[in-house]
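3D model of this:
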Amino acid sequence: MKVLIKNVNIVNEGKVFESDILIENDLISKIAAGISEDADQIIEGSGKYLLPGVIDDQVHFREPGLTHKGDIESESRSAIAGGVTSFIDQPNTVPNAVTQELLADKYEIASQKAYANYGFMMGGTNDNLEEILKTNPRNVPGIKLFLGSSTGNMLVDNPETLENIFSNTKMLIAVHCEDEATIKANTQKYMDEYGDDIPVKFHHLIRSEEACYKSSSKAIELAEKTGARLHVFHLSTAKEMELFRNDIPLKDKKITAEVCVHHLTFTNDDYETKGGLIKWNPAVKTQKDKDALWEALLDDRIDVVATDHAPHTAEEKNNVYTKCPSGAPLVQHSLVVMLENYKNGKISLEKIVEKMCHNPAILFKVEKRGFVREGYKADLVLVDVNQDWTVSKDNLLYKCGWSPLEGMNFHSKVTHTFVNGHLVYDNGTIAEEKFGERLLFEARD
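Purely as a prediction, here's the structure:
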């Protein structure tokens, strides 16, 4: 199968240039002007931009065990519609993916159901070091530790256990950093005043800057002490930005940072209109925090933009504060959110591609993906940056059927998505066949 995309603006490795691109089977075979080879399909790309497929390093696709909220099929389908061609799913499903057998079960499901390429993190607990050490770094992206409350038995709060995990694995350790004792004390304070029905506007004061900083600084201290490879998920505060550096190339960093699109989009002022729909852990915080996150993203202290895609039903989100789960669906919209910021002059296309495509590939050592290069897998996204549309119920693909972005207008649109050389999304039409593959990872030093 050959597909030829003509006269398109390719955004790759810090450059934007007009070219043709030839896809043969699952690979990019040629990038050059004026390719004249016969092809099974020719797509005219004039005026559009071709990006590497987005690699989202943090999603919760809810399978197994929580499939009333979302599943690998529904959420990976929404991912490809948003230009996300690869995802890394987290272990807090039911049961938690904390043994090799349970992790293998998730991979087996994905091999049947995933529209996009997939990786699944191995989960850490206070008592599964032996299982962690059996994890194969060739085909598992890393170890995930919750250092703040989580689903099931996944809170790792034993200092000795933590040090053991950090000292004994060469794999990337990804962490959710919020200090549990601080959160519990803050929650109790507000419950004493309001009971269960705490106004959601206090969420960022309950899951506070102090809770985040205390936990992330401790994780970084431990990584520095043990030499572990640490990746800190979903940063949300200005204060935490002092913990990260931008004076060495990403490939040489041992400690890396991620920000999610919601922390770049919303502030605590939005609780008034969005309520529990924008209740996340860590919480959306102040304008000052949002500004600092943007600054750190642009100056390379923050390495990656992701979603923490975490669907819940509308009914669940309508509960009172203490029963309203944290998280929201975002994977269909992360790229267009960032493209809107490009349209507003906040970030360049090259920087978006760096943070959403190149850097996740570098950081996780993803094999042959994340770049527009000859010989690489043809995971590609075509975008029109001059197409207006509005997020509404009728264009959402999430199983939960809602989005915190409903009613928002965007001025860029994903028109085509390729996964492993297959056109899987074409102007609103999704291919019935699934072409997602298991992600592979190069060896760590």
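
where does the chain have low pLDDT?
Scanning the chain for pLDDT under 70 picks out the ranges 149-152, 445.

looking at it, which helix is longest?
The helix spanning the most residues in the chain, taking DSSP state H as the definition, is helix 209-226.

what comes up buried for that one?
Under the neighbour-count criterion of 16 or more other Cβ atoms under 10 Å, helix 209-226 has 209-220, 222-223, 226 buried. The C-beta positions use only the backbone N, C-alpha and C, and glycine is treated the same way.

which one among the residues you listed gets closest to residue 190?
Nearest to residue 190 among the buried residues of helix 209-226: residue 211, at 13.5 Å, using Cβ to Cβ.

tell me which residues are up against stretch 196-215.
Stretch 196-215 is touched from outside by 147-148, 177-179, 182-183, 186-187, 190-191, 235-240, 268, 271-272, 275-276, 279, 281-286, 289, 320-324, with contacts defined as Cβ atoms under 8 Å, 6 or more residues apart in numbering.

try 7 Å this time
Outside stretch 196-215, the residues within contact range by Cβ atoms under 7 Å, 6 or more residues apart in numbering are 147-148, 177-179, 182-183, 186-187, 190-191, 236-237, 239-240, 268, 271-272, 275-276, 279, 281-285, 320-323.

gap between the two ends of that stretch?
From its first residue to its last, stretch 196-215 covers 26 Å (Cα to Cα, to the nearest Å).

tell me which element the closest residue to residue 2 other than its chain neighbours falls in.
Here the nearest residue to residue 2 in space, its sequence neighbours aside, is residue 39; by Cβ to Cβ, 6 or more residues apart in numbering that works out to 4.2 Å. Per DSSP states H and E, residue 39 falls between elements, in no helix or strand.

now residue 231
When secondary structure is defined using DSSP H and E, the element that contains residue 231 is strand 230-232.

does anything pack onto that strand? Which helices or strands?
In this structure, strand 230-232 packs against strand 173-176, helix 209-226, strand 255-260, with contacts taken as 3 or more Cβ pairs under 7 Å, 6 or more residues apart in numbering; DSSP states H and E.

what's the following helix or strand after the shortest one?
Scanning the chain past strand 173-176 towards its C-terminal end, the next helix or strand to appear is helix 180-194 (assignment: DSSP H and E).

and for the last one?
Towards the C-terminus, the helix or strand next in line after strand 255-260, according to DSSP H and E, is helix 261-265.

C-terminal to that next one, what's the next element?
helix 271-274.

ok, residues contacting that next one?
Applying Cβ under 7 Å, 6+ apart, the contact partners of helix 271-274 are 200-201, 203, 278, 404.

include neighbour count when you put these into JSON lines, please.
Formatted as JSON lines, the entries for the contacts of helix 271-274 read as follows, by neighbours: other Cβ atoms under 10 Å:
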{"residue": "200", "neighbour count": "21"}
{"residue": "201", "neighbour count": "14"}
{"residue": "203", "neighbour count": "26"}
{"residue": "278", "neighbour count": "23"}
{"residue": "404", "neighbour count": "24"}
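
which members of those are the farthest-apart pair?
Greatest spacing in the contacts of helix 271-274, by Cβ to Cβ: 201 and 404 (15.5 Å).

what's the strand holding residue 231 in contact with?
Among residues not part of strand 230-232, those counted as contacts by Cβ under 7 Å, 6+ apart are 172-175, 177, 216, 219-220, 223, 254-258, 363.

do stretch 336-354 as well
Residues from elsewhere that reach stretch 336-354 (Cβ under 7 Å, 6+ apart): 11-12, 14, 16, 49, 51-52, 82, 261, 265, 298, 305, 356, 383, 385, 410-414.

what's the first-to-last distance across it?
Across stretch 336-354, the terminal residues are separated by 15 Å (Cα to Cα).

again with stretch 10-30
For stretch 10-30, the separation between the terminal residues is 13 Å (Cα to Cα).

do stretch 227-242 as well
When the termini of stretch 227-242 are compared using Cα to Cα, they are 20 Å apart.

give the buried residues for that stretch.
By neighbour count, with 16+ other Cβ under 10 Å as the criterion, the buried positions of stretch 227-242 are 228-241.

next step: the contacts of helix 271-274 restricted to strands.
Of these, none are assigned to strands by DSSP state E.

distance to residue 98 for those residues - can I get that in JSON lines?
As requested, those are exported to JSON lines (distance: Cβ to Cβ, whole Å):
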{"residue": "200", "distance to residue 98": "31"}
{"residue": "201", "distance to residue 98": "35"}
{"residue": "203", "distance to residue 98": "28"}
{"residue": "278", "distance to residue 98": "30"}
{"residue": "404", "distance to residue 98": "30"}
